[in-house]
Structures are given as structure tokens and as C-alpha cells.
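J.: Return a 3D structure for these sequence lines:
(one chain, ligands or ions: 1)
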Amino acid sequence: MCGIVGIVGNNNATKILENGLEKLEYRGYDSAGIFVADEANDYLVKSRGRIADLEAKIGEDVQGNIGIGHTRWATHGEPTELNAHPHTSQSGRFVLVHNGVIENYDDLKANFLAEDTFYGETDTEIAVHLVEYFVEQGLTTKAAFQKALKEIHGSYAFGLVDKNDRETIYVAKNKSPLLIGLADGFNVVCSDAMAMLEQTNQFLEINDGEMVIVTKDAVSIEDYAGNQIAREPYTAKIDLADMEKGTYPYYMLKEIDEQPATMRRMIGEYTDENGQVVVEQDLLDSLLASDRIYIVAAGTSNNAGHASKQVIEQLTRIPVEVHLSSEFGYNMPLLSERPFFIYLTQSGETADSRQVLVKTNELGYPSLTVTNVPGSTLSREADYTMLLHAGPEIAVASTKAYTAQIAALTILSKALGEAKEIAEAQDFDLVQELGIAANGMDVMISEKAMIQEIAADYLATTRNAFYIGRAEDYYVSMEVALKLKEISYIQAEGFAAGELKHGTIALVEEGTPVMGIITDPITAPHTRGNLREVESRGAHTLVIVSEELSKSGDQIILPVVHPLLRPLVSVIPGQLIAYYATLERGLDVDKPRNLAKSVTVE
Ligand code: M6R
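T.: Numbers count the residues shown, from 1 in each chain. Next up, the predicted model:
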């Protein structure tokens, strides 16, 4: 989604901004722009399309020591050059970049800016005009910015430059992520630490409702009432090398391959030298006091929640409900007496999930965020955090975060179940079983060539495709169908196999790919029966099956793992099928249309 970079006090501002924007590309965007200035000159360059398109427009003369840059994922107004950020005020004195959505932009326009001329359709243009409006009323830039912030409702991270003071960037945030980086002799601003890691690993978190004045050698944080706030920087522990593709053609393939290593790393992170699971005692106490777990998540993380329900319930005997964050906040079910909330989120920034966390915090309910990003908003705002230790996930299509989330919840369940003296938990050898699952993942990953052929055979030209399964296999079907649709644009759906005959089977025609996932001995005959039903109506069927249940003619054979960990292995062929189907169709695997990596608007 939208990304912000800024720099003050470095003569190489243009290059550093360009580099920062490149690092934000993975988040998804459709236009970009930079503003760069020195004492005498200033430049505003914007472009629709990729950062490379923007860079092609940036002339050699575009140099300065202060600047702000932006990648835009269109919300208000089409992805045109006119709507790209930075935006300027009526006179051109103020320049602003913005992430988020200003909800009352129509009212602001009508109440304060009726006489102004606007060139694009964005809510951001109204914000920068508003700052100038208050300056024209006699306020200083800082006071005008503060006043504007009090008038603006919605989500935002802002970076503002006043051309009359080319030594300062004003920033503020509400619900959208923003960090200040402290570099050697200069300072930077970014919505994602990755954008500025080459400049510094020292970052200051900014909280909602704070305004920051950033100069070359000083950072002053205030609340909107003007009270100073002291804050220590933290060290971002991200290895830049983890962000590189290396020899891989796409990040998605690299991240699929990293899954077994992530499992092994998680075992190391969450067990002691005796193989005992180590989880924060306060977190366990809080869970022990609860009578129901509510998992709230979006997209792939929601699918990981479904796939983890069984392991949590079996090992802990605590009932689990899994909910979509975008629905839960505004349609909250009747809660149990002592609910515990688990937020699953790779990025830790998903606005839909965060709005629920804000509400459950207001209601005083305990919460855990399971995330891949330390220091992310949901991590900071929940009572507890469990990290995935999966390394940066760059591809929009989430893969290693899905399996790491299931592993994290398995680890938590083992610890909790042992604390409750549940026999299933005591008998479950986590280190051994997770290790076997990691090996099983390796086996599936080594089958790339065979899976590539299957993808070409089944999915090269089809308009739609279905995955079916029961119980855990159904939840994995939902996930691999999401993978397929988001990058290959094939209309793919995951269905409960038994539900097909209640409606969906009407969609099956000659050649429709229907892929069945079969890992449970009890339901295997039923799912096989459902595959036969669609086959006799012309479907092109594929069987993805556990070795012990396989029959002659089955195409993809899954290694046997502990029943509670089957999703960790059964998801891999579907991830690879999505990857190779997308290649087959000549599409960009890592940058699917319309999608953003971190979805920071509701
Ligand atoms: O960062 P989160 O896990 O909260 O993100 C949730 C979804 O936006 C994300 O999983 C999305 O569905 C992915 N593109 C799926 O591959």
C-alpha cells in the first residue's frame, strides 16, 4: 500500500529517496513521486506506473538536501500522475505526502477551502491546502499543521515540507505506520523501516496523535496539545541481505523455499536446550484464565487461523472461533465471559485487524499479536507478541508467514496444553513433529519440476479452478485458492468438498480443474467420491494426497506428518501450483495487479 520516505540534511537526498521508494515497491502501488529541494531550487517529479518510470523522469539537475517521496495505492481518484503524491498547497508553498484515508475531506473542503482550486481528486490535496489556509489565518507552519491535524478525521501518516523553511520535515500519524530514522549527520522518515535500512538501523516509533519536527540533527516529538514527548530509539534487527532475491527469479519462490528453515528456526527460538517449549509465562496465565479464544485476521492470516483451530482445541481444550477482521469489528458476535483475542498478521499493520484490536483494548480484553514484524502497530498495541522469525516476506502472495503462523500457534498450544496438563499436549513431541513437518516441506519443495508440469497442464488457459477438501483440507483449499487467484488471476475458489453438490457443482464444465486435497483417513473416501462426481461431469481432476492414503494414478503425494501438522505440508503444492501457473501465464508473480502487501486502509 502507500509508502512514505523523507530525508533532511543529506546532499544525496534524491538518490536516497529513490532507493527508499524502490525498497517500498513490494508493498504494492500504482504511481509515485518525489519532492527535492535545496536552499535555492526545488523539484517535484511524479509518474504513473513503476518507480523505474519515475526514475526515468528524474533529471540530473534534481538534487537537494531535503525531500519527501511517496508510492501511492489509489483510494480516492484514479492512479494518474495528477493524483500521485507529493501534493502542493494553493500557492505551492507547502508540499505533502500522505498514507491513509481522510474521512471528512468533503466537509473540510466545504468549510475552509471553498475558494481553492484543486487539480486532482485526492483527499490529500485538501489536507495540504488546509495547512496553508491556517497559515494564511496568521498561524506558524507548526501551529497550522497542528490545527489541521485536529480538524482531520481518518487515518494518516503525513510528511510535510514548507518551502520557506527548507531544513524541516513535519510529520504526524494516526492509524498509519510512520517511523523516524536517526542517521549519521542527517535524519530520515519512512513508513517502513526497510525503506531506510541502508541509512540507519536506529528508529523512533511514532504513536497515534503525535506530531514530529524533524531537522538535520534534531527530532522533537509532541502531542497535538504541544506537550513534548521523550522517546528512546530502538535498533531494527532486519538483515538487509534477507531482503534480496539472490539468484531467485521471484521473491515468492524464495519464500516458499524458506519455509522448512523457518520451521527449524522457530523450534530454536521457542524451545530451550532440553527441548522444552518456552513461552512467556504471563501470556500463558492470561490464556489459562480465558474460556474462549477468538482469532481475528484477514486474508492468508485468516486462513492460517482456520488451519490452526484444530491444533489449539485439541492440545488446549479451549474452544476457538476464527473471524475475519473486516467483519468482526462492526458485527461483533456475543462474546464468551472471558475471551482472549489472538491477532494473526504477517505485517502487523493491517488496518482491518487493528480496528478490532482498538475495540477489544477499549473493552479491556487480553490480546496476543502473532506477527512477523517486531515493533509493528498490532504488536505494540496488543498485550503480548509472538514473533514468526520468518525473515522479511516481500512477495504480495504470503507463503512462509502462513506456515509460520500455524507453527507459532502450535507452539503456543503445546505450552498451554502442558500447563493445563492435557494428555494430548503432554504426548505431543513438538520438536520432533515440527522437525518431521519441516522435512516433509523439503520433500514437497523438491518436487518443483513435477508441479510445474501439472500447473502447465491444468492451469495454462483455464478461466476458473476449484480446490476441494474437508476439515483441515478445506481450510488449506481456501488458502491455496487465494494464492492462485491473487497472482494468476484465475477465478479460483476453495470449497468444502461435501458442499459442492449443494450448488457449486453447477459451475463445473468440460475441462474445469478441480483439485482435491486428501490427508484425513476418515474423510478421504468422501472427498474421493466428490472428485468422481465432478469428473463424471467433465472436470479435470487432480489429487493431492497423503502417502498412506494414495492410490495408483494420484498425482501429488504428500509425505506423512503428524495429523495436527498436515496443513504445513499440504499447502506447499498449492503454493507452487499458483507460482508456476502465474509464470505460465506470463504474469509478474511478486507484483499482482491491484494488490498491496500491507493493507493499511479499512
Ligand atoms: O499482514 P497481514 O497478515 O495482516 O495481511 C493480511 C492479508 O492482507 C494478506 O494475508 C493477504 O491476503 C495476502 N496477499 C495473501 O497472500
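J.: show me where the stretch 401-550 of the chain has helices.
T.: Remark: helices of the stretch 401-550 of the chain, listed N- to C-terminal, are 423-427, 430-445, 448-459, 472-488, 524-535; assignment by DSSP state H, counting those that start in this stretch.
J.: Is Val599 in contact with Ser301, as I believe?
T.: No: assessed by Cβ atoms under 8 Å, Val599 is found out of contact with Ser301, at 10.8 Å. Every C-beta, even on glycine, is put in place using the N, C-alpha and C of the backbone.
J.: Out of those two, name the residue with the larger neighbour count.
T.: Ser301 (24 against 21; other Cβ atoms under 10 Å).
J.: what sits against that one?
T.: Residues counted as contacts of Ser301 (Cβ atoms under 8 Å, 6 or more residues apart in numbering) are Leu344, Thr345, Gln346, Thr350, Ser353, Ser398, Ala401, Tyr402, Gln405.
J.: Those also near the ligand: which ones?
T.: With Cβ under 6 Å from any ligand atom as the criterion, the contacts of Ser301 include Thr345, Gln346, Thr350, Ser353, Ser398 near the ligand.
J.: what's in contact with stretch 260-277?
T.: The set of residues external to stretch 260-277 that reach it, using Cβ under 8 Å, 6+ apart, is 278-279, 387-391, 400, 403-404, 407-408, 411, 414-415, 418, 430-431, 434-435, 437-439, 441-442, 445, 568.
J.: Could you pull out the buried residues of that stretch?
T.: Neighbour counts over stretch 260-277 (16 or more other Cβ atoms under 10 Å) mark Pro260, Thr262, Met263, Arg265, Met266, Ile267, Tyr270, Thr271, Val277 as buried.
J.: Let me have the residues you listed in CSV, extended by pLDDT and secondary structure.
T.: Below are the buried residues of stretch 260-277 laid out as CSV (pLDDT from 0 to 100; DSSP: H, G, I helix; E, B strand; the rest coil):
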residue, pLDDT, secondary structure
Pro260, 96, helix
Thr262, 97, helix
Met263, 97, helix
Arg265, 96, helix
Met266, 97, helix
Ile267, 97, helix
Tyr270, 97, helix
Thr271, 96, strand
Val277, 95, strand
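J.: Can you name the residues in contact with stretch 443-455?
T.: Here stretch 443-455 has contacts from 256-257, 259-260, 542, 555-556, 558-559, 569, 572-573, 576-577, 579-581, 583-584, using Cβ under 8 Å, 6+ apart.
J.: Ignoring the adjacent residues along the chain, who's closest to whichever residue of the stretch 351-500 of the chain sits closest to the ligand?
T.: Per Cβ to the nearest ligand atom, Ser398 is where the stretch 351-500 of the chain lies closest to the ligand, at 3.7 Å. Take Ser398 and drop its neighbours on the chain: the residue closest to it by Cβ to Cβ, 6 or more residues apart in numbering is Thr300, 4.1 Å away.
J.: Just give the number of residues close to the residue of the stretch 351-500 of the chain closest to the ligand.
T.: 28.
J.: interface residues of the stretch 401-550 of the chain facing the ligand?
T.: Those residues of the stretch 401-550 of the chain that sit near the ligand, judged by Cβ under 6 Å from any ligand atom, are Leu482, Glu486.
J.: let's see it at 8 Å
T.: Contact residues (Cβ under 8 Å from any ligand atom) of the stretch 401-550 of the chain with the ligand: Ala401, Tyr402, Leu482, Lys483, Glu486.
J.: if we can go back for a sec, who are the contact partners of the residue of the stretch 351-500 of the chain closest to the ligand?
T.: Gly299, Thr300, Ser301, Gln346.
J.: ok, now Thr300?
T.: Gln346, Ser398, Ala401, Tyr402, Glu479, Leu482, Lys483.
J.: Grab the nearest non-local neighbour of Leu82.
T.: With sequence-adjacent residues excluded and distances taken as Cβ to Cβ, 6+ apart, Leu82 is closest to Gly120, at 4.5 Å.
J.: Now do the SS call for the residue of the stretch 101-250 of the chain found nearest the ligand.
T.: Taking Cβ to the nearest ligand atom, the ligand has its nearest neighbour within the stretch 101-250 of the chain at Pro177, 11.7 Å off. When classified by DSSP: H, G, I helix; E, B strand; the rest coil, Pro177 comes out as coil.
J.: Would you list the phi and psi of it?
T.: Phi and psi for Pro177, reported as degrees, to the nearest 10, are phi -70, psi 150.
J.: That one: how many residues sit nearby?
T.: Per other Cβ under 10 Å, the neighbour tally for Pro177 reads 27.
J.: these two touch, right, it and Leu378?
T.: No: between Pro177 and Leu378 there is no contact, the gap being 10.3 Å when judged by Cβ under 8 Å.
J.: Identify the contacts common to those two.
T.: Common neighbours of Pro177 and Leu378, using Cβ under 8 Å, 6+ apart, are Glu349.
J.: which residue sits closest to Phe341 in space, ignoring its chain neighbours?
T.: Spatial nearest neighbour of Phe341, chain neighbours left out: Ser367 (4.3 Å); criterion: Cβ to Cβ, 6+ apart.
J.: mind checking how far that neighbour is from Ser31?
T.: Distance from Ser367 to Ser31, counting by Cβ to Cβ, to the nearest Å: 36 Å.
J.: repeat for Ile557
T.: To Ser31, Ile557 is 46 Å away according to Cβ to Cβ.
J.: Show me which of those two is the more surrounded one.
T.: A count of neighbours by other Cβ under 10 Å puts Ser31 above the other of Ile557 and Ser31, at 24 against 19.
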